[in-house]
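[1] fold the stuff below for me.
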Amino acid sequence: MSNQAHKVLVVEDEMIIAMSLSDTLEELGYQVLGTCDSFEETIQVLEQELPDVALVDIKLKGDKTGIDIGKVINERFQIPFIFLTSNSDKATIDQAKSTVPASYLLKPFEADELYAAIEVAIEQGKNTSTQKNSALQDALFVRKSQLLHRVAYSDIVYLKSDHVYVELYTKNKQKHVLRGSLSQFLTSLPQSFFRTHRSYAVNLDYLEAINSLYIIANGEQIPIGKTYRGVLLDQVRVE
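    Presented below is the predicted three-dimensional model:
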C-alpha cells in the first residue's frame, strides 16, 4: 500500500491502545503525525501542522471530549476526522453525527476497516478542498474596517505564524492578520508557497537569494531551517 504522504493524527487517551493503533497505521503505510491524549494537546498539535486525517476517540480525559475536538476541527482546521469509540448507544452516536465526521469506527475494529475508513476520509477531504479552491480562485479575503478586502495569492510575499494567528505580508509592504494556523493556510495556497521554518512560509515567486540562515524575498529576510533549506536547494539549479 502506498500511503507514505498521508499523515494521520491519533487522539487516544489509553496509551496501550494509542501505541497499538500507531503500529497498525505504520504497517498500513501511513505516517503517524503524533499521538495526543487530551483536547488541549490535540489543538496545540493541529495549530503546528495539519494531518491528512485525524482519528479521534470520543471519550478523553478531562472535561472536553473528542466531540469537542470535532467541533473545533470543523470551525478552524477543516480536515476530515474519524471517531473511534467503544460506545454504540444512540445518544453518543447522535452527538457524534452532529459534527459530521468522515466515519465512525466501533472498537475493536480490524486493520482493513481502518484502512477503508481512512482512504474514504482522505478522498472526501480532497474533494472538499477542491471545491473551496474553486470558489476562492486566486485570492483570499480578509476582514478590515467592516469590509472584506481581496488579497491576491500572487501579492503575498510571505506568511508568519503567531500562536493562533497568521500574519500575511504583501509585495506592497502591507500586513494582514488572520486567525488560524500556518498549516491550515498552506493547504489552500498555490504550490509556489514553500514552508521555510516552523513559523514561516514564503512565496517562491519572490525568492531572490538563499544562505544557511535565511532567504531573501522581495527584499525581506525570512528564516529558513536546515531541513527546509535542503529541500529547497534540491529544487533549484545551483552553479
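
[2] any low-confidence regions in the chain?
    The chain contains residues with pLDDT under 70 at 1-5, 126-137, 146, 239.

[3] what about Thr65, how many residues close to it?
    Burial of Thr65 is recorded as 19 neighbouring residues (other C-beta atoms under 10 Å). Where C-beta positions appear, they are placed from N, C-alpha and C, glycine not excepted.

[4] my guess is it contacts Lys59. True?
    Yes - in this structure, Thr65 is within contact of Lys59 by C-beta atoms under 8 Å, at 6.4 Å.

[5] just list the residues touching the residue nearest to the spatial centre of the chain, thanks.
    Of all residues in the chain, the one closest to the mean position by C-alpha atoms, centre = their mean is Leu50, 1.9 Å from it. Leu50 makes contact with 77, 79, 181, 183-184, 187 under the criterion C-beta atoms under 8 Å, 6 or more residues apart in numbering.

[6] that one looks like it's in a helix, true?
    No - residue state for Leu50 (DSSP: H, G, I helix; E, B strand; the rest coil) corresponds to coil; a helix is not indicated.

[7] the residue nearest to it when sequence neighbours are not counted: what secondary structure?
    Leaving aside its chain neighbours, Leu50 sits nearest to Ser183 (4.1 Å; criterion: C-beta to C-beta, 6 or more residues apart in numbering). Using three-state DSSP, the secondary structure recorded for Ser183 is helix.

[8] what number of residues lie near Ser183?
    Ser183: 20 neighbours (other C-beta under 10 Å).

[9] still on that earlier bit, by neighbour count, which of the contacts of Leu50 wins?
    Among these, the one with the most neighbours (other C-beta under 10 Å) is Ile79, at 24 neighbours.

[10] can you tell me the element that residue falls in?
    Here Ile79, judged by DSSP states H and E, is contained in no helix and no strand.

[11] ditto for Ile93
    Assigned by DSSP H and E, Ile93 belongs to helix 90-97.

[12] who are the contact partners of Val11?
    Listed by C-beta under 8 Å, 6+ apart, the contact set of Val11 reads 35-37, 42, 54-57, 60, 66, 69.
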